[in-house]
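Asks: how would this look folded up:
(chains A and B)
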2 protein chains.
Amino acid sequence: MQPLEVKVGGEQPYTVTVGAGLLARVRVPQRHVALIHPADLPPAFVETVQAALSPTVTVSVPPRDGCKTLAVYADVLSQLAAANLPRDGAVVGLGGGAATDLAGFVAASYLRGVAFYTLPTTLLGMVDAAVGGKTGVNLPEGKNLVGAFWPPQAVWCDTDTLTTLPSEIFREGAAEAYKHGLIADPSLLPRVLSPDFRPGDPGLEATLADAIRVKAEVVTRDPTEQGERAHLNFGHTLAHALEAHTHHAIPHGEAVGYGMHYAALLSRALGGADLTAHTRAFLRWQRPTPLPDLTFDDLWPYMARDKKADADGVRFVLLHDLGRPYLGRVPGAVLRREFAAWQTDLTLVR
Amino acid sequence: MQPLEVKVGGEQPYTVTVGAGLLARVRVPQRHVALIHPADLPPAFVETVQAALSPTVTVSVPPRDGCKTLAVYADVLSQLAAANLPRDGAVVGLGGGAATDLAGFVAASYLRGVAFYTLPTTLLGMVDAAVGGKTGVNLPEGKNLVGAFWPPQAVWCDTDTLTTLPSEIFREGAAEAYKHGLIADPSLLPRVLSPDFRPGDPGLEATLADAIRVKAEVVTRDPTEQGERAHLNFGHTLAHALEAHTHHAIPHGEAVGYGMHYAALLSRALGGADLTAHTRAFLRWQRPTPLPDLTFDDLWPYMARDKKADADGVRFVLLHDLGRPYLGRVPGAVLRREFAAWQTDLTLVR
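Replies: Numbering: from 1, shown residues only, chains lettered A, B, ... in the order given. Next comes the predicted model:
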């Protein structure tokens, strides 16, 4: 099967290629390449890309968010400098969203910016992190507080890499694809929940490409999050609160699954269509880690910060209907009432 | 006297204002400001800017290049995050070129980029660092290896701040102004060497503004150093070698003074006009720190790296004549012969 292509526009347009066996077929015009990958990536992935690109230097970084620190960033930069990676070289990020976020910020700032390519190997990385040019690392004070907008020159999503993912990690990543269905392309909703949407199934690629296309179109129109791009945060306000309160015991995609259902309840409460059957169905399909005992007051401080809150309520991405997102303000009393409804629903979906 | 203005063009045009008493008159549209300054800056400068801008947070960083490390960068970012500086806030860099380079990279990357303003307080900072958008810090492997192109939204050069500079620091900084005379505006050459060119003299401002204008015009045409901007490196190949070999015992502006004379000798050797009387006169005026005993072979490794060297020689910025710079390749034998001439000249200018 031919790989599928999704175009991302903007000042520096690029193509996201989706297909099987891409790691072995990666080519870049730059002669000098730094390959950055998480230490726990299957060695076969790294070796395949090394055979394809003959990198000048290969840098292994700590798994998951352990790589998104300024200490790791400094270490990677030093390894590139020690290897004399030149200004006309390239950085290639191979791995999940954390590794590609780090690699992108390295590319954005090494010698004030070199070419960047990504090879995401997780569903979350493919649907969310790889497209849109947001790169960065965390600070002790919070996540993603430092970074750059630095779009890749190309993204290759090799669907073969997904077959080695534990199934709960795959289901976790499906949250962002489902979100793209809710905010822009309702055809994705049944496709994500269908039995075809699994690693190794030939039907996966088209669904994946369509989910990526939603983000590609949004970031083409709003590359630096001046407006519409905020719609991609549907479900993320509660998700960030859950992640922060549990010290990231809840994985991001699962937090987004929980958060989308809360946002659907809020949308309905503010007069939008009732889309809660969709978000409930997703939670049933995703089977996320059960949440610890929580009260509204546990999460309120996280929702109330970020300048999104004032006397009129907290700013949320809401839905008038499928494919019709908007930025609304939700009064505190509604937030509290729908939180109770959300908690009741969670006991029912189990 | 009215302040003078120099326009810098490009995607985000901005104005450099040159005049006395500007620190007290600084205004920015952002409500939340982080002020970054070196710890050894006269407290009156910091207090004046604090009174003008009421910063949300003021961050003191180590003096000179001591602030251009990723450790200081991480610490400054954490202080901004702890102060909740918002996305629509601004970073203001007050101080010499090192502090404004650091502050600019902080502005470029905090929350993926916030507004940036500079208030340079050294001659070098005004003529060189404040214009052009190059920001960054050093790595253990070398200087300025990490950073971003992040132009300020405005630059204010308060000439009053120069009156507190030790005279050798002022003379050091004059090298870049003289260089702008050699590569683009020969009228600057006698003006830099004249008795008016000193802190507190009312004639200083116009010369300063004209020297800044040379860089402003070059970076307007070539903001990210794809071509012409390289001409600003006249004198810098030997300068960087001198700095590296002496572990920065030679200040940058003095190294550039030495390097301009070497580049003038090379230019003449390759058939250009004889401009060595100009560079010799500048060295006499600048009275730089005497160099330690040096051989060509001490400096050769530093000149030969950076991919600028190949079998045909080392790439240098040279001059056909005043105001006519070009990128040329100098054979190793010429480099060695003119190095001997340069060393002889140095004994004569003392």
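Asks: would you list the phi and psi of the nearest residue to A:Cys67 once chain neighbours are set aside?
Replies: Sequence neighbours aside, A:Val61 is the residue nearest to A:Cys67 in space, at 3.9 Å (criterion: C-beta to C-beta, 6 or more residues apart in numbering or on different chains). Glycine gets a C-beta too; all of them are placed from N, C-alpha and C. Geometry field for A:Val61 lists phi and psi as phi -120, psi 160, criterion degrees, to the nearest 10.
Asks: got it, and the one 5 residues further on?
Replies: According to degrees, to the nearest 10, the main-chain angles of A:Gly66 amount to phi -60, psi -20.
Asks: so which residue of the stretch 101-250 of chain A comes closest to chain B?
Replies: A:Glu141 (3.6 Å; C-beta to the nearest C-beta).
Asks: nearest residue to that residue other than its sequence neighbours?
Replies: Spatial nearest neighbour of A:Glu141, chain neighbours left out: B:Ala81 (3.6 Å); criterion: C-beta to C-beta, 6+ apart.
Asks: count the residues that sit near the one you found.
Replies: Neighbour count of B:Ala81, defined by other C-beta atoms under 10 Å in any protein chain shown: 18.
Asks: ok, A:Ser78 next?
Replies: Residues near A:Ser78, counting by other C-beta under 10 Å: 18.
Asks: in three-state terms, label it for me.
Replies: What DSSP: H, G, I helix; E, B strand; the rest coil gives for A:Ser78 is helix.
Asks: skipping its backbone neighbours, what lies nearest A:Tyr258 in space?
Replies: Closest to A:Tyr258 by C-beta to C-beta, 6+ apart is A:Leu242, at 6.1 Å.
Asks: which residues touch the one you found?
Replies: A:250, A:255, A:258-259, A:291, A:294, A:299 (C-beta atoms under 8 Å, 6 or more residues apart in numbering or on different chains).
Asks: surely the residue of the stretch 101-250 of chain A closest to chain B meets B:Leu85?
Replies: No. Assessed by C-beta atoms under 8 Å, A:Glu141 is found out of contact with B:Leu85, at 10.7 Å.
Asks: which one of the two is surrounded by more residues?
Replies: Just comparing A:Glu141 and B:Leu85: by other C-beta under 10 Å the higher neighbour count belongs to B:Leu85, 24 against 15.
Asks: which residues in chain A form helices?
Replies: Applying DSSP state H to chain A gives helices spanning A:43-53, A:70-82, A:97-109, A:123-124, A:167-183, A:188-193, A:204-221, A:236-245, A:252-269, A:276-286, A:296-304, A:332-349.
Asks: of all these, which lies closest to B:Leu111?
Replies: B:Leu111 lies closest to helix A:97-109 among these, at 12.8 Å (C-beta to C-beta).
Asks: what does chain A put close to chain B?
Replies: Within chain A, the positions near chain B by C-beta under 8 Å from any C-beta of the partner chain are A:70, A:73-74, A:77-78, A:81-82, A:86, A:105, A:108-113, A:134-136, A:139-142, A:145-149, A:224, A:307.
Asks: drop anything exposed from those residues.
Replies: The neighbour count (16 or more other C-beta atoms under 10 Å in any protein chain shown) marks A:70, A:73-74, A:77-78, A:81, A:86, A:105, A:108-113, A:134-136, A:139, A:142, A:145-149 as buried among those.
Asks: for the residue of the stretch 101-250 of chain A closest to chain B, phi and psi?
Replies: phi -80, psi -10.
Asks: got the contact list for it?
Replies: Neighbour list for A:Glu141: B:78, B:81-82 [criterion: C-beta under 8 Å, 6+ apart].
Asks: out of those residues, who's nearest chain A?
Replies: Distances from chain A to these, taken as C-beta to the nearest C-beta, are shortest for B:Ala81 (3.6 Å).
Asks: the domain parsing of chain A - what is it?
Replies: Domain assignment for chain A by automatic domain parsing gives A:4-221, A:234-349.
Asks: end to end, how far does the first one reach?
Replies: Meaning domain A:4-221. End-to-end distance for domain A:4-221, by C-alpha to C-alpha, to the nearest Å: 22 Å.
Asks: coming back round to it: and the helices of chain A as TSV, adding mean pLDDT?
Replies: TSV is the format used below for the helices of chain A (pLDDT from 0 to 100):
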stretch	mean pLDDT
helix A:43-53	98
helix A:70-82	98
helix A:97-109	97
helix A:123-124	95
helix A:167-183	96
helix A:188-193	97
helix A:204-221	96
helix A:236-245	94
helix A:252-269	97
helix A:276-286	97
helix A:296-304	91
helix A:332-349	93
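Asks: nearest to B:Arg337, of those helices?
Replies: Here helix A:70-82 is closest among the helices of chain A (C-beta to C-beta), at 32.9 Å.
Asks: what is that closest one packed up against?
Replies: For helix A:70-82, the packing partners by 3 or more C-beta pairs under 8 Å, 6 or more residues apart in numbering or on different chains; DSSP states H and E come out as strand A:33-38, strand A:57-61, helix A:97-109, strand A:134-139, helix B:70-82, strand B:134-139, strand B:142-149.
Asks: who wins for proximity to B:Gln30 among those?
Replies: Nearest to B:Gln30, of all the helices and strands packed on helix A:70-82, is helix B:70-82, at 13.1 Å by C-beta to C-beta.
Asks: indicate which one of the helices of chain A is closest to B:Leu348.
Replies: For B:Leu348, the closest of the helices of chain A is helix A:70-82, at 39.2 Å, according to C-beta to C-beta.
Asks: how about the CA coordinates for the closest one, as PDB?
Replies: Extracted in PDB, the C-alpha atoms of helix A:70-82 (Å, rounded to 0.1, in the frame of the first residue of the first chain):
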ATOM      1  CA  LEU A  70      16.700  21.600  30.800                       C
ATOM      2  CA  ALA A  71      19.400  19.300  32.200                       C
ATOM      3  CA  VAL A  72      18.800  16.700  29.400                       C
ATOM      4  CA  TYR A  73      18.500  19.500  26.900                       C
ATOM      5  CA  ALA A  74      21.900  20.900  27.900                       C
ATOM      6  CA  ASP A  75      23.500  17.400  27.700                       C
ATOM      7  CA  VAL A  76      22.100  16.800  24.200                       C
ATOM      8  CA  LEU A  77      23.300  20.200  23.000                       C
ATOM      9  CA  SER A  78      26.800  19.400  24.300                       C
ATOM     10  CA  GLN A  79      26.800  16.100  22.500                       C
ATOM     11  CA  LEU A  80      25.900  17.800  19.200                       C
ATOM     12  CA  ALA A  81      28.600  20.400  19.700                       C
ATOM     13  CA  ALA A  82      31.200  17.800  20.600                       C
END
